[in-house]
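Trainee: predicted model, plus sequence, below.
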Amino acid sequence: MIEAARGSLLGIEHLGREEILRILKLARRMNPRTARPLLRGKRVLLLFYEPSTRTRSSFEMAAKSMGAITTLVLSSGSSIEKGESLVDTGYTLRAVGADVIVVRHPNAGAPALMARNLDIPVINAGDGMHEHPTQALLDAYTILRHRKDLKGLHVAIIGDIFHSRVARSAIHLLSQFGAQLTLCGPPEFLPEVAGTLAPGLHITRTLEDAVRGADVIMLLRVQKERLGGTKISLQDYIARYQMTLGRLKLAKKDAIVMHPGPIIRGLELTWEVADCPQSVIVEEVRNGVPVRMAILARALGKAR
Ligand code: NCD
């Protein structure tokens, strides 16, 4: 067993402020339309055990815009269906020539397990309920296009926080930089908190309290089948937690509305909110490309 190869990105929790800032700075210099072929001759393996639209396509765009070759392996239709283990799949992909593996997996810790067994960098594209570090980085990048600093920023995170790797990574990142985070959702969707909350972290019962005065409203996807496990019906969820234009008015005038996607219009947010000028949901997707360019360049030792 070896340490994760240099350039791996397994989570935000242990990344550190300096490294986060370095990636964001590099991302600001990246432009997929005018990129130099920094990764010419490099092979980027995209290994997806779960559905993905944004993460997968933006990694592919990012890699190709810098001249890399990409290969996509989906769990359905591959030997994974025949029972091949994750680590054996890793050995196989290394043997066919992968220089870096980008992996999305339903199990927390799967990218770390792969990284510990391979001598090439592994990038976590979302692992179970654990982390989604590239999403947190593109969200920080997006916020910083609208605000000077993360310190002291009021961020309301609303929806199914407990099951969300996006929320977990965002909380790790934003709290490191001194943002004030307010979590809001049905009790079953909130993290279990033993003792006092970490500094800068708050939980509110009502959406109105969470949104009042916020700079950033981060909505999360709510899976209808998960609502089944709560005491709250779909109608109740919509009545209490859906982001509407009326509720958005409680936030700062120039507050931004974020959502990692896929959005369900009429559930987490109304059609009007999804398309309003304060919504940066499409911008988040767009920013995913330069941020993932920076992450791939870093993984392959081309970050200067
Ligand atoms: C998220 C994911 O898959 O973790 N989507 C994304 O990558 N942008 C969020 C979700 O599916 O709820």
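Mentor: In hand now; what should we look at? Numbering: from 1, shown residues only.

Trainee: Arg17 contacts Leu174, correct?
Mentor: No - contact criterion C-beta atoms under 8 Å: Arg17 and Leu174 do not qualify, at 11.5 Å. (C-beta placed from N, C-alpha, C; glycine too.)

Trainee: which of the two has more neighbours?
Mentor: Ranked by neighbour count (other C-beta atoms under 10 Å), Arg17 and Leu174 place Leu174 first, with 26 against 10.

Trainee: separation between Pro191 and Ile171?
Mentor: Distance of Pro191 to Ile171, given as C-beta to C-beta, to the nearest Å: 9 Å.

Trainee: looking at those two, which is more packed in?
Mentor: Ile171 (25 against 15).

Trainee: whichever strand or helix holds Ile123 vs the ligand: in contact?
Mentor: Assessed by DSSP states H and E, Ile123 sits inside strand 122-127. Yes - judged by C-beta under 6 Å from any ligand atom, strand 122-127 comes into contact with the ligand through Gly126.

Trainee: tell me where the stretch 51-200 of the chain has strands.
Mentor: Using DSSP state E, counting those that start in this stretch, the strands of the stretch 51-200 of the chain run over 69-74, 100-105, 122-127, 154-158, 180-184.

Trainee: on the three-state scheme, Leu296 is what?
Mentor: Under DSSP: H, G, I helix; E, B strand; the rest coil, Leu296 falls in the helix class.

Trainee: look up how far the ligand lies from it.
Mentor: For Leu296, the distance to the ligand equals 16 Å [C-beta to the nearest ligand atom, to the nearest Å].

Trainee: now stretch 293-302: buried residues?
Mentor: Of the residues in stretch 293-302, Met293, Ala294, Ile295, Leu296, Ala297, Arg298, Ala299, Leu300, Lys302 count as buried by neighbour count, 16 or more other C-beta atoms under 10 Å.

Trainee: repeat that for stretch 197-212.
Mentor: Buried, per 16+ other C-beta under 10 Å, within stretch 197-212: Gly200, Leu201, Ile203, Thr204, Leu207, Ala210, Val211, Arg212.

Trainee: need the contact partners of that stretch.
Mentor: Stretch 197-212 has contacts (C-beta atoms under 8 Å, 6 or more residues apart in numbering) with 156, 158, 171, 175, 178-184, 190, 193, 217, 240-241, 243, 247-248, 250-251.

Trainee: which ones are touching the residue of the chain found nearest the ligand?
Mentor: Residue nearest to the ligand within the chain (C-beta to the nearest ligand atom): Arg221, separated by 3.4 Å. Arg221 is in contact with Gly159, Asp160, Ser164, His259, Pro260, Gly261, Pro262, Ile263, Ile264, Glu268, counting by C-beta under 8 Å, 6+ apart.

Trainee: export only the CA atoms of the lowest-mean-pLDDT helix or strand in the chain, formatted as PDB.
Mentor: The weakest-scoring helix or strand in the chain, judged by mean pLDDT, DSSP states H and E, is helix 224-227 (a mean of 90). Written as PDB, here are the backbone C-alpha positions of helix 224-227 (Å, rounded to 0.1, in the frame of the first residue of the first chain):
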ATOM      1  CA  LYS A 224     -38.600  12.600  -3.300                       C
ATOM      2  CA  GLU A 225     -38.000   9.100  -2.100                       C
ATOM      3  CA  ARG A 226     -35.900  10.400   0.800                       C
ATOM      4  CA  LEU A 227     -38.800  12.600   1.900                       C
END
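
Trainee: report whether that helix contacts the ligand.
Mentor: No - using C-beta under 6 Å from any ligand atom, helix 224-227 stays clear of the ligand, coming no nearer than 10.6 Å.

Trainee: pull out the buried residues from that helix.
Mentor: Buried positions in helix 224-227, judged by neighbour count with 16+ other C-beta under 10 Å: Leu227.

Trainee: starting at the chain centroid, how far to that helix?
Mentor: From the chain centre to the centre of helix 224-227 is a distance of 21 Å (C-alpha atoms, centre = their mean, to the nearest Å).

Trainee: what helices or strands is that helix leaning on?
Mentor: Packed against helix 224-227, as judged by 3 or more C-beta pairs under 8 Å, 6 or more residues apart in numbering; DSSP states H and E, are the following elements: helix 234-241.

Trainee: kindly report the domain assignment for the protein.
Mentor: According to automatic domain parsing, the chain is divided into the following domains: 17-131+288-299, 147-279.

Trainee: want to throw the ones you listed into CSV with distance to Gly7?
Mentor: Output for these, formatted as CSV (distance: least, C-beta to C-beta, whole Å):
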stretch, distance to Gly7
domain 17-131+288-299, 4
domain 147-279, 18
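
Trainee: show me what stretch 47-61 is in contact with.
Mentor: The contact list for stretch 47-61 (C-beta under 8 Å, 6+ apart) reads 32, 44, 46, 70, 72-75, 80, 89, 93, 101-106, 110, 123, 125-126, 132, 134-135, 260-262, 285, 288-289, 292, 296.
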